[in-house]
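Q: Here is a sequence together with a model predicted from it:
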Amino acid sequence: MMDQISLKGKPIRLAVLDYGLFEVFSGPRNVGICGFAIQTDAGELVLIDTGFPAKYVVDAEAATLEDSLGSFGRVLSIGPENTPDAQLAKLGLTKADVTLMIQSHTHIDHVGHMDGFPHVPILIAQAERNLPRPLYWSGKQAMEWPERDYHLVTDDFTLAPGFEVLLCPGHAPGQLAFMINLPDTGWVLLTSDAISRAAEIDEGFAGSWDVPLAIHHGERLMQSAQQRDALVIFGHSPQQWPTLRKAPEWFT
């Protein structure tokens, strides 16, 4: 950790946020776009990732053309209900309740509303923040870094008792994953795109920014999950997403 940050409380519940559905042409496969809200017993609210930019809600076809995303896939459904504000509202919360934003990495489907929480500090890997701009999509750097207090991750660290932030470069230079301990559920591993889906392990993480690093961290994440008997929530699993409990429901 480059600079110290910690939560006052420990996690008590976690919600999966539904930011829409996307078709990846290779496969092909339909993948959910997810974020997470985590509450602590000290009243803190951590928001992990914010989905696609708002312009995809307004006109997904035009936004896809503008970002040259059509070579990779297409939006199947992203509506007003798939924004951070709407997803938080399902939980009876507002953006004013968010006390910390975490960016797992800076691809287009994770940073769309990063600039929408001006009162909130951002936790992000130093390797991502060191980039001139967020990765966004395929070299198209369409976003500037918002003016925020940034807390930069340089190694695994414990954000709070039962909230571990894991630096797992491979999919992206500063990919993060998270291990959360909940009162009833126990340990939950949020792989984010360090492991987008279980099949990616057998596929050797083809197409990653750094394949050997992706393989290494994928293996260590799954070993940790096995050791702790953790529920694993993958970043973009076509099989898991349709059955996954989502807001307004909580994992407790």
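A: Noted; the coordinates are in hand.
Q: and residue 121, what does it touch?
A: With contact set as Cβ atoms under 8 Å, 6 or more residues apart in numbering, residue 121 has these partners: 5, 100, 101, 148, 149, 150, 151. From N, CA and C alone the C-beta is placed, and that goes for glycine too.
Q: Quick check: the fifth one vs residue 28, distance?
A: When you say that, I think you mean residue 149. 40 Å (Cβ to Cβ, to the nearest Å).
Q: What of the fourth one?
A: Computed with Cβ to Cβ, the distance linking residue 148 and residue 28 is 36 Å.
Q: all helices for the stretch 1-150 of the chain, in order.
A: 55-58, 60-66, 84-90, 126-129 (DSSP state H, counting those that start in this stretch).
Q: Redo these as JSON lines? Include mean pLDDT, mean neighbour count and distance to residue 117.
A: Shown next, in JSON lines, are the helices of the stretch 1-150 of the chain (pLDDT from 0 to 100; neighbours: other Cβ atoms under 10 Å; distance: least, Cβ to Cβ, whole Å):
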{"stretch": "helix 55-58", "mean pLDDT": "97", "mean neighbour count": "18", "distance to residue 117": "17"}
{"stretch": "helix 60-66", "mean pLDDT": "94", "mean neighbour count": "15", "distance to residue 117": "21"}
{"stretch": "helix 84-90", "mean pLDDT": "98", "mean neighbour count": "19", "distance to residue 117": "8"}
{"stretch": "helix 126-129", "mean pLDDT": "97", "mean neighbour count": "20", "distance to residue 117": "16"}
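Q: Closest one of the contacts of residue 121 to residue 188?
A: residue 100 (17.8 Å; Cβ to Cβ).
Q: Report the contact partners of residue 108.
A: Counted by Cβ under 8 Å, 6+ apart, residue 108 has contacts 52, 53, 67, 69, 136, 137.
Q: And the pLDDT for residue 139?
A: Residue 139 is assigned a predicted lDDT (pLDDT) of 57.
Q: Which residues does the lengthiest helix in the chain contact?
A: The longest helix of the chain (DSSP state H) is helix 211-228. Contact partners of helix 211-228, identified using Cβ under 8 Å, 6+ apart, comprise 166, 168-171, 175, 177, 179, 186-187, 189, 191, 194-195, 200-201, 204-205, 208, 230, 232.
Q: So how do I select the buried members of those residues in PyMOL?
A: Burial among the contacts of helix 211-228 is assessed by 16 or more other Cβ atoms under 10 Å; the matching PyMOL selection reads:
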select buried, resi 166+168+169+170+171+175+177+179+187+189+191+194+195+200+205+208+230+232
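Q: Of the helices of the stretch 1-150 of the chain, give the one that comes closest to residue 245.
A: So among the helices of the stretch 1-150 of the chain, helix 84-90 is nearest, using Cβ to Cβ, at 12.4 Å.
Q: give me every residue that touches the closest residue to residue 44 other than its chain neighbours.
A: Nearest in space to residue 44, with sequence neighbours left out and distances taken as Cβ to Cβ, 6 or more residues apart in numbering, is residue 99 at 4.6 Å. By Cβ under 8 Å, 6+ apart, the residues touching residue 99 are 44, 45, 46, 120.
Q: What's the separation between residue 99 and residue 178?
A: Taken as Cβ to Cβ, the span from residue 99 to residue 178 is 16 Å.
Q: Count the residues that sit near the closest residue to residue 174 other than its chain neighbours.
A: Of all residues not flanking residue 174 in the chain, residue 125 sits nearest, at 2.6 Å (Cβ to Cβ, 6+ apart). If you count neighbours by other Cβ atoms under 10 Å, residue 125 ends up with 25.
Q: what does residue 132 give?
A: Once other Cβ under 10 Å is used to define contacts, residue 132 is seen to have 7 neighbours.
Q: Can you tell me how far it is from residue 145?
A: From residue 132 over to residue 145 (counting by Cβ to Cβ), the distance is 9 Å.
Q: go on, residue 252?
A: Taking Cβ to Cβ, one finds residue 252 at 35 Å from residue 145.
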